[in-house]
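*Asks:* Return a 3D structure for these sequence lines:
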Amino acid sequence: MNSRSVLSQILRRYHQPTPTSSPRRLIDLFSPVRGFSSLPRVRPAVRPSSTAASLLHGQYYGTTARRSSVLRWYHDPRKVAAATAITLSATAMAACSRYDREIVPCTNRSHRVVYSHQEERDLGDADFAVDKARFVILDPSDPRSIRACLVTERIVHAAHRGLGLYDSNDAPMLRVTRKWGAATAPQPHTSHLRALNWEVFVAENGTPDVVIAPGGKILVSTGFLDHFSDEELAAALAHEVGHVIARHTADISGWFPVFLERIISRRMEIEADYIGILLLGAAGFHPQWALAELAKREKFARFSVLEKLLSYHPKTEKRLQLLSQAKTMKEALELYREVTAMDKVTDRYFPYHVKV
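*Replies:* Numbers count the residues shown, from 1 in each chain. I've put the predicted structure just below:
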């Protein structure tokens, strides 16, 4: 074979490269040609093995890599969201571990509290003093003040007896709500109720309203007494006392962002409704009065659509639906029938006793 034919083969191979492959080295062009098969192969110089340097240029040595193969996790929005959620959850768990865990009576819900009993009472009393200063308070000897005090006494007495503060073996509210296998479960927290100083104030205010502080101070408006019966007043008081029983003021959710706090606040209202209807029955009032008071108060509420949307209270329709559930009414009626049966026995054998 002459040199011209060899040269023509080389040029033909050089001008017909494989489209999908990288440029070929000159030594590879010569190797298949007859007469050059004995030439030694030359290995390419060893490149640095730094993968990081290759990634910065978007390629590996010898091959071109796709850019998607060098994307970091923070380039993916889903992975960023997942990492953020994990970080926030870990932070929340670390923060929650600093505070005490308590069990809410009746609902048996576990929650974290950020205030001690005394701190909760002090903060509640400070806020209550501000609300009280806005109105004229009736004299304790006023018939309306006496009426509010008598109804409050029945509710408070039922709470103490129903939660076992008088006798731990006699706690009907805890008995009817105890779950199966709860003998080894943590006991509901009720010790904060022992140190409360219950006081009732009636304020000159035409708007029907009942307000309670964690320390046991209660403010009832004259507007409520003018438009609602004693049974409906008992239902409103039982709901408010339900907040105190569950220690909602001390709940850690008060430190959450506003949108989360609003959601949790609505659940707390539902929890107070449930505790309240049980307390109402334990005080000797028929549970249906809880539904009647809630429906009647809705007629006095004048809120715009936006205010209802941003409210910390759930819709009245939902609250009435939950209170009307068979399980809830069965438990409340059991407490109501028990206490009314006791009253009949007491009236028969002790006709001159004084009811509170």
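
*Asks:* Please count neighbours and contacts with C-alpha atoms only from this point.
*Replies:* Noted.

*Asks:* pLDDT weak spots in the stretch 151-300 of the chain?
*Replies:* 179-185 (pLDDT under 70).

*Asks:* Recalculate using a threshold of 90.
*Replies:* Counting by pLDDT under 90, the ranges of the stretch 151-300 of the chain that qualify are 167-170, 177-187, 195, 252-263, 298-300.

*Asks:* could you show me where the helices are in this structure, in order?
*Replies:* For the chain, helices defined by DSSP state H occupy the ranges 3-14, 26-30, 51-56, 77-96, 117-132, 143-162, 172-177, 222-227, 230-246, 258-282, 288-300, 305-309, 316-323, 326-349.

*Asks:* Throw those into JSON lines and include distance to residue 197 and mean neighbour count, thanks.
*Replies:* Below are these laid out as JSON lines (distance: least, CA to CA, whole Å; neighbours: other CA atoms under 10 Å):
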{"stretch": "helix 3-14", "distance to residue 197": "100", "mean neighbour count": "12"}
{"stretch": "helix 26-30", "distance to residue 197": "98", "mean neighbour count": "14"}
{"stretch": "helix 51-56", "distance to residue 197": "70", "mean neighbour count": "13"}
{"stretch": "helix 77-96", "distance to residue 197": "30", "mean neighbour count": "12"}
{"stretch": "helix 117-132", "distance to residue 197": "10", "mean neighbour count": "16"}
{"stretch": "helix 143-162", "distance to residue 197": "11", "mean neighbour count": "20"}
{"stretch": "helix 172-177", "distance to residue 197": "22", "mean neighbour count": "19"}
{"stretch": "helix 222-227", "distance to residue 197": "22", "mean neighbour count": "18"}
{"stretch": "helix 230-246", "distance to residue 197": "12", "mean neighbour count": "25"}
{"stretch": "helix 258-282", "distance to residue 197": "19", "mean neighbour count": "22"}
{"stretch": "helix 288-300", "distance to residue 197": "25", "mean neighbour count": "17"}
{"stretch": "helix 305-309", "distance to residue 197": "34", "mean neighbour count": "10"}
{"stretch": "helix 316-323", "distance to residue 197": "29", "mean neighbour count": "15"}
{"stretch": "helix 326-349", "distance to residue 197": "25", "mean neighbour count": "16"}
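
*Asks:* wait, which of those is closest to residue 195?
*Replies:* Each of the helices of the chain has some distance to residue 195 by CA to CA; the shortest is helix 117-132, at 8.8 Å.
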